[in-house]
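Asker: Show me the folded form of this:
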Amino acid sequence: MITNYFKIAWRNLGRGKTYNAINILGLAAGMASFIIVLLALNYELSYDQWDPELQKVHKVSMRVQDDIMEATPAPLASFLAEKYPNLEAATYLQGTGEYEVLISAQDKSIYQNGFTSVDSLFFQVFPYKLSQGDRATALNAPNAMIISEELAKMLFGDNNPMGETVKVFNAMEGVITGVMQLPETPSHRKIQLLMRDPYEKQNFFWNNFSYETYIKLKEPIAEADLEKDLNRIYFEERIQNDEELKEASATGNRTLLFTDAVSNIQNFSKYGNSNIKTISILFILATLLLLTGAINFSNLTVAKSIGRAKEVGIRKVLGSGRRKLIFQFMSETALQCSISLIIALLIVVVSLPVINTSLNLQLNFWEQSTWKLLGQLGICLLVIILLSGLYPSFYLSRFNTIRVLKGNFSSGKKSLGFRNVLVVFQFMVTAFFIVTILGVNRQLDYLQNSDKGFTDGQVLRIETTQATREQGFEQTRNTLLSIPGVSSVAKTTTVPGDKIADSSTYNFDYKGEQLRMGSVKVSTDYFKTLEVPLITGRYFNESYADQNTRSAIINETAARKLLVEDPIGEIISFGGCDEGTVKIVGVVKDINVHGFESAIKPAVYTIENKACMYQSNGAFLVKLKSDQIQASVAAIEQQWKSIEPNFPIRYSFLDANFQQLFSSYFRLQKILTFFGSIAILISVMGLFALTAFMIKHRNKEIGIRKVLGANIRNITALVGRDFLLLVFIASLIAIPLGWWAMDIWLQDFAYQTTIEWWVYVSAGMVVVLIALATVSFQTIKAATANPVDILRTE
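Answerer: Prediction:
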């Protein structure tokens, strides 16, 4: 019986090929979009799921007033391990993440990301497996180094890497004591090279906030209870025994510890950005797109039912019950939906490399968990079959036998009303996409055109070693200034536009109070190089006070935090440092370093690392003249061989780097545009076919109206007004929903545009115009036909 159902379903595919193709392709487009987002969602949710032991591992961070500090004091890990009985182990580390360091082995040098300096307890917390070496002892030696299998292959080929020497930046040297297997699923930490921290002894003090702390519990407990226990220990054992911390805590400047389970860091961390919000939004939008395809399928099937009414009547006369008819029509739906799924999978497999390249993703259909993905697709197919087929099946099986055999196919206004609801929902989704596309475009235009507080055009960022930035700066600066086309050279520890730009804040003492502000070490020409406007006071000069960290320039936000009318001449000092007193000599405009998601932080600019707090990282900034850029860059590349002969030059332009901060939003813009285009395509195809069916079965009425004097405008209005009214209603519903969605999305930005009312109205008008063009094409064609031919045919 079931085989017979599918045989008949297969034969019916050959009837009305055009409309069946629209049905199948429209649903396939929605399915393909849904599958791509499903792959992305699965990928995001697979972070740090590669070992069950990770459920016991937590990252410990600090919160001081409104400042979130992922970097914690070096002794915090060992302190917690000693004081908290439920800890199995604790470790601290420093990682470069995506930042690439120069690695040399034998006669080969490469730039590699994922460099991490660790202590000897790293493997007691993180369950990485070694293909060579012993986990228990691999990090015991003070110069121990663990490399990944991929990195070992790049550096040593098929040779055994164990015992080989590797240099990092030609400064730190380690011996390979293990080769690590990287997990099959992604991790929130990018690790390719582990090195026992060569400076752990001299860096092991409480004021060194440059390490990340991880702990592993003996027994899992609720995170709220864990934080309560850790803060109690930290307060009783640390704050109460330190007079300075005790005093700060009493004034409300209290440090609190908070934890994130490692499995939650990528997507559900307590603070910071997360991709899961964007992916979840896209998943909802893809689901709506899939529903649009299903509704389109259902509407077209119902429209085609007029042509199958007599078939239903004859089947009933021959003894087919309603249940059998439902099974027959559901089998047809199942066959078409299955074909749509196959086409959708082919589209995904073929288009995924292009999507990955254009959207900077790392999705792979074949690397997903096979059974899990097949189960998800199976559930998706079943739901779509039910959504697409139930209403048409029940609708067709309800036809009255006597009425349809007499030629009366009308099913009343009740079924028509439900069809109209589906049409409204379909175009509501389309209008919603258009609203969000326009809203996202407005915000991105605002971000790109907003004042960053500095000029980033023709500014070259050059990666350098710490030695060149410190002892060799003046010599290197003079060398670069001698190159034609170079107008100024500066250095900074925080480069605007860097993805890993330092966002830490520190305690500064001002009139007996402690204020949290950022510290940036720069050179004299920093503000000249970036053309940062001076608000009041002066820029840095070559005076002794400026060059020896006795003077400071602050930004506008820091000036407001001091709560004085004129901050020039005010004295501030680095917290906990006797020699860190500086005088404010200038106030500059706020510089947007991290993009527009977070508010600009108060910043204190000083020259050199000669007082109190030593800060590393950063780069050179070289301002070029616009008419000599290519020649200047070529000359810089040539000169760099003598400046840092062991380090190939690595440079980028500041404006390009700053644009990269918006890459995720440009990606969202492309995805929304793609989804919106698919939604419009599905809606147009559905409305096109629906209008064609309606006109086909009103041909006689149209012919008679033309004979009686109706013109093209009258007939177009007659057929199209009902559809246009539905589209107008859909737009009215979608506009407030789109406004609400955009309001929520814009909350992620500290600086956001205002989306005027006319943007939303424009979105509704676009949808109405699309529907009008679609309906008009069919109705005008019918209205211009010869009524004699129509009536003769009838």
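
Asker: When you work out contacts or count neighbours from here on, use the C-alpha atoms and nothing else.
Answerer: OK.

Asker: Help me confirm that residue 453 is found in a helix?
Answerer: No: secondary structure of residue 453 (DSSP: H, G, I helix; E, B strand; the rest coil): coil, not part of a helix.

Asker: can you tell me which residues contact it?
Answerer: Applying Cα atoms under 8 Å, 6 or more residues apart in numbering, we find residue 453 in contact with 532, 533, 589, 590, 591, 592.

Asker: gap between residue 636 and residue 648?
Answerer: Per Cα to Cα, to the nearest Å, residue 636 is found 12 Å from residue 648.

Asker: To clarify, my last question referred to residue 670.
Answerer: Residue 670 sits 35 Å away from residue 648, going by Cα to Cα.

Asker: before we move on, the earlier item: just give me the closest of the contacts of residue 453 to residue 109.
Answerer: Closest to residue 109 out of these is residue 592 (35.1 Å), distances taken as Cα to Cα.

Asker: leaving aside the residues next to it on the chain, what's closest to that closest one?
Answerer: Nearest residue to residue 592, sequence neighbours excluded (Cα to Cα, 6 or more residues apart in numbering): residue 452, at 5.1 Å.

Asker: Double-check that neighbour against residue 594; I have them as touching.
Answerer: No: assessed by Cα atoms under 8 Å, residue 452 is found out of contact with residue 594, at 10.0 Å.

Asker: So the two - more neighbours on which side?
Answerer: residue 594 (23 against 20; other Cα atoms under 10 Å).

Asker: how near is that one to residue 542?
Answerer: Applying Cα to Cα to residue 594 and residue 542 gives a distance of 29 Å.

Asker: Secondary structure element holding residue 62?
Answerer: In this assignment (DSSP states H and E), residue 62 forms part of strand 57-64.

Asker: Show me how far that strand is from its chain's centre.
Answerer: When distances are taken as Cα atoms, centre = their mean, to the nearest Å, strand 57-64 is centred 23 Å away from the chain's centroid.

Asker: Residues contacting that strand, please?
Answerer: Contacts of strand 57-64 (Cα under 8 Å, 6+ apart): 68-72, 125-126, 212-217, 253-262.

Asker: strands paired with that strand, and their directions?
Answerer: Partner strands for strand 57-64, per DSSP bridges, with pairing direction: strand 67-69 (antiparallel), strand 209-217 (antiparallel), strand 255-261 (antiparallel).

Asker: avg pLDDT for it?
Answerer: Taken as a whole, strand 57-64 has a mean pLDDT of 90.

Asker: now swap in stretch 371-383 and tell me
Answerer: For stretch 371-383, mean pLDDT is 83.

Asker: Tell me the buried residues in it?
Answerer: Across stretch 371-383, burial judged by 16 or more other Cα atoms under 10 Å covers 373, 377, 380, 381.

Asker: Farthest-apart pair in those residues, please.
Answerer: 373 and 381 (12.1 Å).

Asker: Can you give me the distance of the residue nearest to residue 340 when sequence neighbours are not counted to residue 282?
Answerer: If the residues on either side of it in the chain are set aside, residue 340 comes closest to residue 28, at 4.5 Å by Cα to Cα, 6+ apart. Relative to residue 282, residue 28 is positioned 18 Å away (Cα to Cα).
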